[in-house]
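> Give the three-dimensional model of this entry:
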Amino acid sequence: MVIPGHKVGKYGINIENIIHEIQIQPAGIELTLREIEKFEDAGYIDLTNIKRKISKCTPLQFDADGKIFLPQGAYKVRFNEIISIPANVIGIGLPRSSLLRSGATIFSAVWDPGYKGRSESLLVVFNPHGIFLEKNARLMQLLFIKLVEKPQKLYSGKYQFENIKEKIRGLS
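Have a look, this model is predicted:
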């Protein structure tokens, strides 16, 4: 069952920092652009994460009007919203159609039951002419799906409490 945007609170989903009511959609919640980074080196992924190395990134700056031009390429984006997923729900992120129609897309992982954080996703600009984005632009719609039963365990990985104060206070 996909949970309508206006009912997420009823199902224990908490979303902090919603900027505008337009983000609440019939089939989910739209996430907005907070920061953009460019990749500086190669990552390394293995089976057990013992050798894992996440690519180094450098923040990009918006201009004085809160806009940025991105040439063709891959970028890491961070959202404004802090999402808390309850034990009986998962989140799946899909790009907004306006982003696709402009020659770009968002790739995202699953938001697991128990995850809390300000998530990051991969923005890929395929358009050979690039794309202009404004700070707080709506980029992705997060769908929430109720599980048929609670999982055996909740998310407890490296990205728990990512990009929020709780991680700084050592609660991760």
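
> Please make it C-alpha for all contacts and neighbour counts, starting now.
Fine.

> Tell me which stretches of this protein form helices.
97-101, 165-168 (DSSP state H).

> Among those, show the one with the smallest mean pLDDT.
Among those, helix 165-168 carries the lowest mean pLDDT, a mean of 55.

> any idea how far T32 is from L99?
Distance of T32 to L99, given as C-alpha to C-alpha, to the nearest Å: 12 Å.

> any residues in contact with both of these two?
By C-alpha atoms under 8 Å, 6 or more residues apart in numbering, T32 and L99 have these common neighbours: L139.

> Of the two, which one has the most company?
The neighbour count for T32 versus L99, taken as other C-alpha atoms under 10 Å, is higher for T32 (24 against 18).

> State whether R118 and N163 are indeed in contact, as I suppose.
Yes. R118 lies in contact with N163 (C-alpha atoms under 8 Å); the separation is 5.3 Å.

> Comparing these two, which residue is more hemmed in?
Comparing R118 with N163 by other C-alpha under 10 Å, the one with more neighbours is R118, at 21 against 18.

> quick one: contacts for that one?
Counting by C-alpha under 8 Å, 6+ apart, R118 touches 78-83, 161-164.

> Check it and give its pLDDT.
At R118, the model reports a pLDDT of 95.

> Skipping its backbone neighbours, what lies nearest it in space?
I82 (4.5 Å; C-alpha to C-alpha, 6 or more residues apart in numbering).

> Counting neighbours, what do you get for the one you found?
19.

> That one and S119 touch, don't they?
Yes. Judged on C-alpha under 8 Å, I82 makes contact with S119 at a distance of 7.4 Å.
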